[in-house]
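Asker: Build the 3D model from these lines:
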Amino acid sequence: MKLVIAAISAGGVLGVADQYMCLLVVSILSKTGLITLSPEMDKVFGSWWFIGIVAFFWLLTTIPAYASALDPTIIKWVNNITNAVSGFLVPVSGALLALASAGVITNMHPDLQTSLDAMQLFDSDGDGVIGGTGLLVIGGSALTASALTGTKFLAKQAIGVGTGTAGTPITGPVFATLENLASIVLMVLLYILSRIDPWLLVGLLAFVLLLMLVLLAYTVYRLWKLAKGIGRVIHLIETRPRVGLSILAEFFIWGLGSLFWEKWPRGIFRIVLWLLWLVVILLFIPGILTLLGTVAVMLPILEMLVFVLFVSVEIFAVATGIYIGLCSAVSLMKMLDQPKSAPVAPPVAQPVY
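Answerer: Okay, the predicted model is just below:
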């Protein structure tokens, strides 16, 4: 049972990352001999045809995600379609990773090999047919991975709306980068924890699930706060146009709304920062990565990595600017949207007797 629960946990963790990157990392580690899978799973993960198929699907889902930042029309729909189709393959990916993890765990802990044989994860004749316990591992990991994928989907939508980036070209590349990084980190963690104690894989799954739920709750809260703030700004534009339009201008050009109200130190300081931010995203980052591109042109894979790096850094810089503009607008709104205090009546003179 220890082996079954640990394998289900390992396969379920895949639901919060990029499934193809997870499988690709395990396949490459198996092919290079850095990890040892069970003979049945090594025939799959260690084969060039499997690596080629997984790499193809990874490129098929990753390239449109980054290209959507350059062409937000057709590419965005391609990205949505490929992600939708990939969702149906999450149970299969989770099941494969769970079966591979079972072989890794028993290799790390030879005392569990007898448990593996007794549970007949694979039939004893060596033909690779999955046994009854193997079906339990497949079903449990597929269900867990699918549940986490659904939670991740909801969290991504809430984050996009809560940060004001929903429907914009930057959401695809940002989430693609985070998911690929998470895939590498999680696969390394799975291997390290397997070497220590398989029960730690269960702890990792519980931590990841808790983290996703906390992230979902936080983004829903941010969504509520954003909707409340937008409603307040619209109300100010209708009732106090100068205040409302100043707050709107402060969001797009930091400090501009402050200058409308003759708050010179605050406004000038923020506009200088805004100009520096424009220089960074329009000149500095493209210039640095252009130099890297001249070196990477010798190898196509390096050229693609430089392109991914360029899009990721640009998106991070733009998202940072949006966040700063939002904070500056909120700060100005708190400063201007103050209830007017009632006039204080002059003291009444008391008659002198």
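Asker: chain center to the strand or helix carrying Leu96: distance?
Answerer: Applying DSSP states H and E as the criterion places Leu96 in helix 90-108. Put simply, helix 90-108 sits 23 Å off its chain's centre (C-alpha atoms, centre = their mean, to the nearest Å).
Asker: which helices and strands sit right next to that helix?
Answerer: Packing partners of helix 90-108 (3 or more C-beta pairs under 8 Å, 6 or more residues apart in numbering; DSSP states H and E): helix 2-13, helix 19-31, helix 39-45, helix 113-119, helix 132-162, helix 171-196. Using the backbone N, CA and C atoms, a C-beta is placed for each residue, glycine as well.
Asker: Quick check: Val188 vs Leu178, distance?
Answerer: Separation of Val188 from Leu178 (C-beta to C-beta, to the nearest Å): 16 Å.
Asker: mind putting the helices and strands packed on helix 90-108 in TSV, mean neighbour count, mean pLDDT and distance to Ile51 included?
Answerer: Formatted as TSV, the helices and strands packed on helix 90-108 follow (neighbours: other C-beta atoms under 10 Å; pLDDT from 0 to 100; distance: least, C-beta to C-beta, whole Å):
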stretch	mean neighbour count	mean pLDDT	distance to Ile51
helix 2-13	26	76	19
helix 19-31	23	87	5
helix 39-45	18	79	8
helix 113-119	15	56	25
helix 132-162	19	74	21
helix 171-196	19	82	15
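Asker: So which of those is nearest Lys263?
Answerer: Nearest to Lys263 among those is helix 132-162; the distance by C-beta to C-beta comes to 28.6 Å.
Asker: Now do that closest one: distance to the chain's middle.
Answerer: Its chain's average C-alpha position is 14 Å from that of helix 132-162, according to C-alpha atoms, centre = their mean.
Asker: by how many degrees do that helix and helix 90-108 diverge?
Answerer: Interaxial angle of helix 132-162 relative to helix 90-108 (axes from the mean of the first three to the mean of the last three C-alpha atoms, to 10 degrees): 120 degrees.
Asker: Domain-wise, how is the chain divided?
Answerer: Taking automatic domain parsing as the reference, the chain has its domains at 2-218, 240-336.
Asker: next one: the first one to chain centre, how far?
Answerer: Right, domain 2-218. The answer for domain 2-218 is 14 Å, by C-alpha atoms, centre = their mean.
Asker: ok, the nearest residue to Thr149 once chain neighbours are set aside - how many residues close by?
Answerer: Excluding the flanking residues, the one nearest Thr149 by C-beta to C-beta, 6 or more residues apart in numbering is Gly15, at 4.3 Å. Gly15: 29 surrounding residues under other C-beta atoms under 10 Å.
Asker: Point out where this protein drops to low pLDDT.
Answerer: In the predicted model, the chain carries pLDDT under 70 at residues 1-3, 68-81, 83-85, 103, 105-134, 157-171, 295-309, 311-312, 315, 338-353.
Asker: can you tell me the helix or strand for Leu210?
Answerer: Taking DSSP H and E as the definition, Leu210 sits inside helix 199-239.
Asker: elements contacting that helix?
Answerer: Against helix 199-239 (3+ C-beta pairs under 8 Å, 6+ apart) you get helix 2-13, helix 132-162, helix 171-196, helix 241-252, helix 300-336.
Asker: returning to what we had before: out of the helices and strands packed on helix 90-108, which comes closest to Gly87?
Answerer: helix 132-162 (6.5 Å).
Asker: and the gap between the residue nearest to Ala17 when sequence neighbours are not counted and Leu97?
Answerer: Distance criterion C-beta to C-beta, 6+ apart; nearest residue to Ala17, sequence neighbours excluded, is Ser183 at 3.9 Å. Ser183 sits 11 Å away from Leu97, taking C-beta to C-beta as the criterion.
Asker: Make JSON lines from the helices and strands packed on helix 199-239 and add distance to Gly229 to it.
Answerer: Below are the helices and strands packed on helix 199-239 laid out as JSON lines (distance: least, C-beta to C-beta, whole Å):
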{"stretch": "helix 2-13", "distance to Gly229": "36"}
{"stretch": "helix 132-162", "distance to Gly229": "11"}
{"stretch": "helix 171-196", "distance to Gly229": "20"}
{"stretch": "helix 241-252", "distance to Gly229": "9"}
{"stretch": "helix 300-336", "distance to Gly229": "7"}
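Asker: Quick one, which of those gets closest to Ser27.
Answerer: With C-beta to C-beta, the closest approach to Ser27 among those belongs to helix 171-196: 10.6 Å.
Asker: Now do the closest one and helix 90-108, the angle between them.
Answerer: Taking the same axes, to 10 degrees, one finds helix 171-196 and helix 90-108 inclined to each other by 30 degrees.
Asker: Could you name the helices and strands sitting against helix 171-196?
Answerer: helix 2-13, helix 19-31, helix 48-67, helix 90-108, helix 132-162, helix 199-239, helix 300-336.
Asker: run the last query once more with 6 Å
Answerer: Using 3 or more C-beta pairs under 6 Å, 6 or more residues apart in numbering; DSSP states H and E, the elements in contact with helix 171-196 are helix 19-31, helix 48-67, helix 90-108, helix 300-336.
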